[in-house]
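**Q** need a structure here:
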Amino acid sequence: MTVILAIISLFVGVSDVSIHSLLSSSPEDRPMQVLIISRVPRTLAILLAGSSLAIAGLVMQMIVRNRFVEPSTAGTTESAGLGFLVVTLFAPGWPLIAKMIVAATFAMAGTALFIRILRFVPLRDVLLVPLVGIMLGGVIGAVTTFFAYRFNLMASMLAWNMGDFSGVLRGRYELLWFGLAGTVMAYIAADRFTVAGMGQDFTTNLGLNYKLVMRLGLIIVSIVSAVVLVSVGSIPFLGLIVPNVVSLMIGDNMRRTVPWVAVLGAAFVLACDIIGRIVRFPYEIPISVVVGVIGSGLFLYLLLRKRHNA
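**A** From the prediction side, this is the model:
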């Protein structure tokens, strides 16, 4: 399914790129240039962003021990946006990778603050955890909006918050390979995250360093959130929906679920991106809008299903 969607993605768009036009033109003609410079990088960016964000959501759910948490419902994305704003204000000439590192640092600090707050909140309901994260993200987002308005950077902030793959070209998506590195790290440490998801006492009794596993999870989530935000913007609900769907199908063993979460995350974003390109053709609907609409509906279904089973 993912391979089929990726092939379809290569041939959907305003420019005429079809198998016939590619075969009947030379490498210097427009169809081949559009394919190499735009369509292939865009499809790779979708695959990398979708799989890595879904894995980031899975890792966060494990370390927080809550199925309704992901970077956009824990203040992580908003913290990365604040970091990107800070480095844009004080060091606008820095290379993109340096801005990514600053955004990842802020994302890590915001996620750590979220976990710290949870220790002082009586969590009688699983829905209180994402509620706390959404409130924290709202506060951080308000601070970011204030300073962006104060320094005339509202347009830039809107671009960060509006995930969109239409501007992805060759040379402007390569940071997303760091997301793939995060996915590999998550797979290597999958058993440790599975154990850590059972609690600190259980993890310690098995001889694992609970705090070290938590730090590794924070690093993976922060790096992935930062590189996606810097490269294509924010994509909501993805890290929440995909891991829950995979968990319903094959269970909670992270060693088994990581490959499925990565593949399904990539397929989900590919499908949403193709829908966004087709619905108002020749115009595009940003990926964050399509994923937000579909993801919010699936999120409500998961909430109602949870309530019904309870």
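**Q** from here on, contacts and neighbour counts on C-alpha atoms
**A** OK.
**Q** Now name the helix or strand holding Leu85.
**A** Using DSSP states H and E, Leu85 sits within helix 76-90.
**Q** Can you point out the buried residues in that helix?
**A** For helix 76-90, a neighbour-count test (16 or more other Cα atoms under 10 Å) marks 76-87 as buried.
**Q** Against which helices or strands is the helix or strand containing Lys99 packed?
**A** Using DSSP H and E, the element containing Lys99 is helix 96-118. Other elements packing on helix 96-118 under the criterion 3 or more Cα pairs under 8 Å, 6 or more residues apart in numbering; DSSP states H and E are helix 76-90, helix 128-150, helix 210-231.
**Q** which other helices and strands contact the shortest one?
**A** This means helix 76-90. If you count contacts as 3+ Cα pairs under 8 Å, 6+ apart, helix 76-90 packs onto helix 96-118, helix 128-150, helix 154-161, helix 210-231.
**Q** Repeat that for the longest one.
**A** With contacts taken as 3+ Cα pairs under 8 Å, 6+ apart, helix 128-150 sits against helix 76-90, helix 96-118, helix 154-161.
**Q** These: which one's closest to Val139?
**A** helix 76-90 (9.0 Å; Cα to Cα).
**Q** before we move on, the earlier item: and the helices and strands packed on helix 128-150 as TSV, adding distance to Met198?
**A** TSV is the format used below for the helices and strands packed on helix 128-150 (distance: least, Cα to Cα, whole Å):
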stretch	distance to Met198
helix 76-90	23
helix 96-118	16
helix 154-161	34
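**Q** So which of the ones you listed is nearest Ile219?
**A** For the helices and strands packed on helix 128-150, the distance to Ile219 is smallest for helix 96-118, at 6.6 Å, taking Cα to Cα.
**Q** re the thing from before, show me the one of the helices and strands packed on helix 128-150 that comes nearest Thr204.
**A** For the helices and strands packed on helix 128-150, proximity to Thr204 was assessed by Cα to Cα; helix 96-118 is nearest, at 18.8 Å.
**Q** what angle sits between that closest one and helix 210-231?
**A** Angle, helix 96-118 to helix 210-231, by axes from the mean of the first three to the mean of the last three Cα atoms, to 10 degrees: 130 degrees.
**Q** Throw the helices and strands packed on helix 128-150 into JSON lines and include mean pLDDT and distance to Arg256, thanks.
**A** Compiled in JSON lines, the helices and strands packed on helix 128-150 are given as follows (pLDDT from 0 to 100; distance: least, Cα to Cα, whole Å):
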{"stretch": "helix 76-90", "mean pLDDT": "90", "distance to Arg256": "26"}
{"stretch": "helix 96-118", "mean pLDDT": "89", "distance to Arg256": "26"}
{"stretch": "helix 154-161", "mean pLDDT": "79", "distance to Arg256": "32"}
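**Q** Nearest to Glu174 among these would be which one?
**A** helix 96-118 (9.9 Å).
**Q** returning to that earlier point: indicate which one of the helices and strands packed on helix 96-118 is closest to Arg170.
**A** Nearest of those to Arg170, taken as Cα to Cα: helix 210-231 at 12.0 Å.
**Q** list the buried ones in the next helix or strand after the closest one?
**A** Using DSSP H and E, the helix or strand that follows helix 210-231 towards the C-terminus is helix 238-250. Residues of helix 238-250 classed as buried by neighbour count (16+ other Cα under 10 Å): 238-247.
**Q** tell me what the one helix or strand Thr43 maps to is packed against?
**A** Assessed by DSSP H and E, Thr43 sits inside helix 40-64. Judged by 3+ Cα pairs under 8 Å, 6+ apart, helix 40-64 is in contact with helix 2-10, helix 177-188, helix 190-196, helix 210-231, helix 238-250, helix 254-279.
**Q** in that helix, what's buried?
**A** Across helix 40-64, burial judged by 16+ other Cα under 10 Å covers 40-64.
**Q** now stretch 13-32
**A** Within stretch 13-32, the residues scored as buried using 16+ other Cα under 10 Å are 13, 16-17, 22, 30-32.
**Q** now what about that stretch, what contacts it?
**A** For stretch 13-32, contacts defined as Cα atoms under 8 Å, 6 or more residues apart in numbering pick out 10-11, 33-35, 277, 281-282.
**Q** Same question for stretch 181-193.
**A** Stretch 181-193 has contacts (Cα under 8 Å, 6+ apart) with 51-52, 55-56, 59, 62-63, 208, 213, 217, 220-221, 223-224, 253-255, 258-259, 262.
**Q** picking that back up, out of the helices and strands packed on helix 96-118, flag the one nearest Leu303.
**A** With Cα to Cα as the measure, helix 128-150 is the member of these nearest Leu303 (11.8 Å).
**Q** what sits up against the closest one?
**A** The contact list for helix 128-150 (Cα under 8 Å, 6+ apart) reads 66, 68-69, 72-79, 81-82, 85, 114, 118, 123, 154, 157.
**Q** pLDDT weak spots in the stretch 101-250 of the chain?
**A** Across the stretch 101-250 of the chain, the ranges flagged by pLDDT under 70 are 123-125.
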